[in-house]
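**Q** quick one, fold the following:
(2 chains)
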Amino acid sequence: DAKTTQPTSMDCAEGRAANLPCNHSTISGNEYVYWYRQIHSQGPQYIIHGLKNNETNEMASLIITEDRKSSTLILPHATLRDTAVYYCIVRVQGTYKYIFGTGTRLKVLA
Amino acid sequence: EAQVTQNPRYLITVTGKKLTVTCSQNMNHEYMSWYRQDPGLGLRQIYYSMNVEVTDKGDVPEGYKVSRKEKRNFPLILESPSPNQTSLYFCASSPRTASSYEQYFGPGTRLTVT
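**A** Residues are numbered from 1 along each chain as shown, chains lettered A, B, ... in the order given. So this is what the prediction gives:
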């Protein structure tokens, strides 16, 4: 099954860029990478997704390596409200099953 | 307001007593899904549905049933709950078949089975 690997936790200073890495070496050619975040025990919130090209929206940027085996979510100016667990997920090939994993707990420090 | 709603938000029940957690979305989404979240294990997918009358197993379907008789509703049924089903449950929906669209999550249902 498609699987992602993320660091368990990271700290980032407020106002600095937060760079969250994700490995997804088993991703297939037509599978998207999605990023979500979860604040406390609220429902996860969609951030961004991508296939091959780098993507940017009002929340974040997503950098995907050329071989697509890893990606990085960038929060350009982290704020205290960005403290959350960030999940990088892919879909299991040929299905609509999503494997979330345990995510990265990002703590933004004042 | 576009949203996914779940009921109840909190439930304490006893082993073996059948229960249903409802999920409803008002966005006309084709795709709906149920997840459970346990400490240290992240979110795990239980069942999903690609449209009315079309459902399939996720990663941890044992002990659960679902049905999709209407597009907007996707209830999760525990026929005989056990303590290992104590968890935080999330319902999600997405337009089309979720191939490249984000999932919208409900607020969660915290279930305790004693």
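
**Q** for chain B, what lies in contact range of chain A?
**A** For chain B, the contact set with chain A under CB under 8 Å from any CB of the partner chain comprises B:4, B:31, B:33, B:35, B:37, B:40-45, B:48, B:50, B:56, B:58-59, B:88, B:90, B:92, B:97-100, B:102-108, B:110. C-beta: built from backbone N, CA, C; applies to glycine.

**Q** what about burial for the residues you listed, which qualify?
**A** B:4, B:31, B:33, B:35, B:37, B:42-45, B:48, B:50, B:58-59, B:88, B:90, B:92, B:98, B:100, B:102-106, B:108 (16 or more other CB atoms under 10 Å in any protein chain shown).

**Q** so which of those residues are in helices?
**A** In helices, judged by DSSP state H, none of those are found.

**Q** now, those that are in strands?
**A** The strands, defined by DSSP state E, take in B:4, B:31, B:33, B:35, B:37, B:42-45, B:48, B:50, B:88, B:90, B:92, B:104-105 from those.

**Q** distance from the least confident helix or strand in chain A by mean pLDDT to the middle of the chain?
**A** Across the helices and strands of chain A, mean pLDDT, DSSP states H and E gives its lowest value to strand A:98-99, namely a mean of 82. In terms of CA atoms, centre = their mean, to the nearest Å, the centre of strand A:98-99 is found 13 Å from the chain centre.

**Q** quick check: mean pLDDT of whatever helix or strand comes next after it?
**A** Following strand A:98-99 in sequence order, the next helix or strand is strand A:104-109 (DSSP states H and E). What strand A:104-109 shows for mean pLDDT is 97.
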